[in-house]
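K.L.:
sequence plus predicted model, see below.
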Amino acid sequence: MKNIFRNCIYQGKNRYRDKSFLFWTLIYPLIMAIFFYTAFNGLIDIELESIDIGIKSENPIGFILEEIELLNVHKISEDEINEKLENEEIQGFIDNDLNLLVSKSGINQTIIKEIIDQIKQMGELNVPIEKFDFTIDYVLDRNQKADAIIIIFYSLIAMVSTYGIFPGIETVSLIQANLTNVGKRINVTPLKKNDFLLAGVIVSLILNLLSNGILLIFIKYILKIDLFTEIRYSAIFIIIGNLFGVALGMLIGASNKQSGNVKTILGIMITLVLSFFSGMMSPDIKILVDKKIPLIGKINPISIITDNLYKINLLENTQNVNQGIIILSIYCITLIFISYGFLRRKTYDSI
Amino acid sequence: MIVRVKNLVKRYKELIALDHFNMEVEEGEILGLLGPNGCGKTTAINCILSLLSFDKGEIEIFEKKMTPNSYDIKKQIGVVPQEVSVFENLTVRENIDYFCGLYIEDKSLRKQYVEEAIEFVGLKDYIKFYPKKLSGGLKRRLNIACGIAHKPKLIFLDEPTVAVDAQSRNFILDGIKRLNQEGSTIIYTTHYLEEAEMLCKRIIIMDNGKNLVSGTNEELKAMITTTEKIVVGFSAIEDEKAQKIKSIPHVIDIEKKEDDYIIKFENGLNNLSNLLEFIKENKLAYTKLYSQLPTLNDVFLELTGKELRD
């Protein structure tokens, strides 16, 4: 235990003094936050006063939808659907089986979809219609900027929470005699590999969580964007995102003999691609992916974090969060096991 | 015996890096592993330390089989790797303290050892420096301090003076002698024959993964026929006349190196006077003339047909 604590102190010192680590985990996310704020703020605001939707007169949830303040419900015939969607007179059409038809992707369409999902869930749970809370504000008016930039920020937070990938790569490299000189030296000392690895994981999580904290403070107090209304679940997703990042970093670090720089670039590429599909570059991409290849959204870890942060904070929906937590936990456990398989060997064929 | 290596074989696919390599190290000695770059010195050390897997052979340290999990053996060993192996973002003191702490748990004892190691390698003025701010020679000293601070019984030094300036080199070599005087057994790999001659009580000469010969400096030199070399810088000499030098008693070979002739003699008491007489008889003028004892390079040359420096 004493050994692990001592290793945490020294590995922590070695890590936080590393300029490249500081850049990728602290400076880069801040730059991205400023960039997104400057580039997108105000450009893609949406009108919240009313979202025009179309239904047929016999739609089974028509009377519920009419009670929702945010929605302007238009009863239309089959022939009018395409025309009204194309002319943007309505932003979505809900058929009698509660399927949503849209002509383009956007935040309004996402909100409509979320409303339908909630109503479906109420139905599945057999909650009587009288119990349905018609006063729910699907976009909360708690001084939040209800615009698409919020999705981008949730995606950014999801991405940087996985930046434990970098200390994960570093920790594994430092213990491998065939990868680093320090690894050679450590392998001939009486220090056990597992002690070093455990200390590395602890340090990686602490330092990355600290840098996440700094980013969140920056977003809240400098950019004045209030992202979190549900702290408990948000914290769980950010922590598990960190663990996923460290585990993925360990796998990248342990599975091949490429240089540290190549591994870092690989880590950046993976997180950027996952973030891209989760809507960091544009929420429209996420909506498009969800529509065309929904499986990607369901298995993409950054998407899982983004979606859940969005749902629990913006839409106040905490149902199904356990599903996201379980999937991410399975990812973490699997990655750690595979990495351990690579790290288990004690001698090397070549150094 | 502190270390016993028997018939060690290590292959990299088709290449045989160690070919039935044998080594025995007695307590208190400095054993030199001498050989050209790529001859298998570092591979041998890495196998002995259980860093590298090997195909065949037996390795015992402190009379116990060495394995990757031999933590009790590792506690008594210090290793100074060929490459500088320290944390780039820890200071000199922090690096030494970190590695010393992997062996010494007692905080006050560790503090004392760290101070002594800093003093030993002469880095007192640099304790707060990061490795990247140190010169090559100072980095090597730090590398040594990290390997020896815990006062190990057995120290492996793998070419610790490569790419080091003369001043740091002398400092390092003096330090190694002191470590040995303080009771450490040392295994020292090098391709610098002068270092091996100066430091080591016993030397193993390696080539192509094999140990060619082993013995003390004197024993090795006694194995070859050349017992004396006389270097002459003639002002002017025809090749034909130069070849006549071979007729001098005990001359075994003559070699021209730039403007000088190196004349090799086998056992003979009056080699120098015989040569001077030849010069006088043939009315030759010379600018320099001196006698040399054979070096380990000559031993290597005679055994392998190539120079150690190649």
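P.N.:
Noted; the coordinates are in hand. Residues are numbered from 1 along each chain as shown, chains lettered A, B, ... in the order given.
K.L.:
going forward, measure contacts and count neighbours with C-alpha atoms only.
P.N.:
OK.
K.L.:
got a list of what residue A:156 touches?
P.N.:
A:29, A:32-33, A:275, A:280 (CA atoms under 8 Å, 6 or more residues apart in numbering or on different chains).
K.L.:
ok, residue B:274 touching residue B:247?
P.N.:
No: because the distance of 10.5 Å does not satisfy CA atoms under 8 Å, residue B:274 is recorded as not touching residue B:247.
K.L.:
hang on, the earlier thing: and the contacts of residue A:156, which two are furthest apart?
P.N.:
Farthest-apart pair in these is A:33 and A:275; separation 13.8 Å (CA to CA).
K.L.:
what about these two, which has more around it?
P.N.:
residue A:275 (25 against 21; other CA atoms under 10 Å in any protein chain shown).
K.L.:
burial check on residue A:75, number of neighbours?
P.N.:
Close neighbours of residue A:75, defined as other CA under 10 Å, add up to 15.
K.L.:
how about the contacts made by it?
P.N.:
When the contact criterion is CA under 8 Å, 6+ apart, the partners of residue A:75 are A:54-57.
K.L.:
name the nearest of these relative to chain B.
P.N.:
When the contacts of residue A:75 are ranked by distance to chain B (CA to the nearest CA), residue A:54 comes first, at 62.3 Å.
K.L.:
tell me the confidence at the nearest residue to residue A:113 once chain neighbours are set aside?
P.N.:
Using CA to CA, 6 or more residues apart in numbering or on different chains and skipping residues adjacent in sequence, the residue nearest residue A:113 is residue A:100, 6.8 Å away. Reading off the per-residue confidence, residue A:100 sits at a pLDDT of 86.
K.L.:
show me what residue A:100 is bridged to.
P.N.:
Residue A:100 forms beta bridges with residue A:94, as assigned by DSSP bridges.
K.L.:
report how many residues lie close to it.
P.N.:
Counted with other CA under 10 Å, residues neighbouring residue A:100 total 17.
K.L.:
same question, residue B:216
P.N.:
Taking other CA under 10 Å as the criterion, the count of residues near residue B:216 is 16.
K.L.:
how far away is it from residue B:135?
P.N.:
From residue B:216 over to residue B:135 the distance is 35 Å, taken as CA to CA, to the nearest Å.
K.L.:
my read is residue B:21 is in a strand, agree?
P.N.:
Yes: residue state for residue B:21 (DSSP: H, G, I helix; E, B strand; the rest coil) corresponds to a strand.
K.L.:
relative to residue B:59, how far out is it?
P.N.:
Taken as CA to CA, the spacing of residue B:21 relative to residue B:59 amounts to 11 Å.
K.L.:
determine the residues that are contacts of both of the two.
P.N.:
What both residue B:21 and residue B:59 touch, as defined by CA under 8 Å, 6+ apart, is the set B:5-6, B:8.
K.L.:
just the buried residues of those residues.
P.N.:
B:5, B:8 (16 or more other CA atoms under 10 Å in any protein chain shown).
K.L.:
which secondary element of chain B has the worst mean pLDDT?
P.N.:
Within chain B, no helix or strand scores below helix B:239-244, which has a mean of 83 by mean pLDDT, DSSP states H and E.
K.L.:
which residues sit against that helix?
P.N.:
residue B:254.
K.L.:
okay, now the sheet partners of whatever helix or strand comes next after it, with direction.
P.N.:
Scanning forward in sequence from helix B:239-244, with DSSP states H and E defining helices and strands, the next element found is strand B:251-257. Using DSSP bridges, strand B:251-257 pairs in its sheet with strand B:260-265 (antiparallel).
K.L.:
what's the following helix or strand past the partner strand in contact with?
P.N.:
Next along the chain after strand B:260-265, taking DSSP H and E as the criterion, comes helix B:271-281. Contacting residues not belonging to helix B:271-281 are listed as B:230, B:245, B:248-250, B:265, B:285, B:291 [CA under 8 Å, 6+ apart].
K.L.:
these: which two are farthest apart?
P.N.:
Farthest apart among the contacts of helix B:271-281 by CA to CA are B:250 and B:285. That separation is 22.4 Å.
K.L.:
next, name the residue at the spatial heart of chain B.
P.N.:
The structure's chain B has its C-alpha centroid closest to residue B:190; by CA atoms, centre = their mean the separation is 3.2 Å.
K.L.:
partner residues bridging that residue?
P.N.:
The partner list for residue B:190 in beta bridges (DSSP bridges) reads residue B:34.
K.L.:
show me the shaky parts of the stretch 251-351 of chain A.
P.N.:
Within the stretch 251-351 of chain A, the stretches falling below the threshold (pLDDT under 70) are A:282-283, A:345-346.
K.L.:
sorry, wrong one. I was asking about the stretch 1-150 of chain A.
P.N.:
Along the stretch 1-150 of chain A, the parts satisfying pLDDT under 70 run over A:41-49, A:105-107, A:121-122, A:124-148.
K.L.:
got a pLDDT number for residue B:106?
P.N.:
As predicted, residue B:106 sits at a pLDDT of 94.
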